[in-house]
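Trainee: Here is my input; please provide its structure:
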Amino acid sequence: AWFNFNFFALDLSKLGIPTDIKLTRTEWSLVRQHIRKRPRRFSRNFVKQEVEKLRAYRSIIRKMQHSGMPRPKGFLFEVPRAIKVGATVTAYSRKFRILHRGMVLDYDID
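Mentor: Residues are numbered from 1 along each chain as shown. All right, here's what the predicted structure looks like:
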């Protein structure tokens, strides 16, 4: 959910602008003035902040899955159910580049 979500498209929809519209350079500059945050440079600080946002998102998801915490107000993502111990799963091995079938034996909430 996190990686498939387009925050820029959300900002455009709040302004009532379709995402597939073609705008001129002048029109895009007006749109950028109305968006809550201007695009930032790709830097170490930017990457660090984005990683922190991702960790916070994952933490909320884990709490919601394992403790039955209700969905926070303003939370934009659907929450998948946790995989139960004993469930059959398919996992990808990066080392051998193949799929493996297995069973969930245990999981770590952290």
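Trainee: Starting from the longest helix belonging to the chain, tell me the next helix or strand along the chain.
Mentor: Identified as the longest helix of the chain according to DSSP state H is helix 44-67. Downstream of helix 44-67, the first helix or strand assigned by DSSP states H and E is strand 88-93.
Trainee: average pLDDT for that next one?
Mentor: Averaging pLDDT along strand 88-93 gives 91.
Trainee: Show me which residues of the helix or strand that that strand is followed by are buried.
Mentor: Sequence-wise, the next helix or strand downstream of strand 88-93 (DSSP H and E) is strand 98-103. Within strand 98-103, no residue is scored as buried using 16 or more other CB atoms under 10 Å. Where C-beta positions appear, they are placed from N, C-alpha and C, glycine not excepted.
Trainee: Give the partner strands of strand 98-103 in its sheet and their orientations.
Mentor: In the sheet, strand 98-103 lines up against strand 88-93 (antiparallel) (DSSP bridges).
Trainee: Which residues does the partner strand contact?
Mentor: Judged by CB atoms under 8 Å, 6 or more residues apart in numbering, the contacts made with strand 88-93 from elsewhere in the structure are I83, I98, L99, H100, R101, G102, M103, V104.
Trainee: Show me the two of the residues you listed that sit farthest apart.
Mentor: I83 and I98 (20.6 Å; CB to CB).
Trainee: Tell me how far the closest residue to F75 other than its chain neighbours lies from L105.
Mentor: Leaving out its chain neighbours, the residue that sits closest to F75 by CB to CB, 6 or more residues apart in numbering is I60, at 7.1 Å. For I60, the distance to L105 (CB to CB, to the nearest Å) stands at 25 Å.
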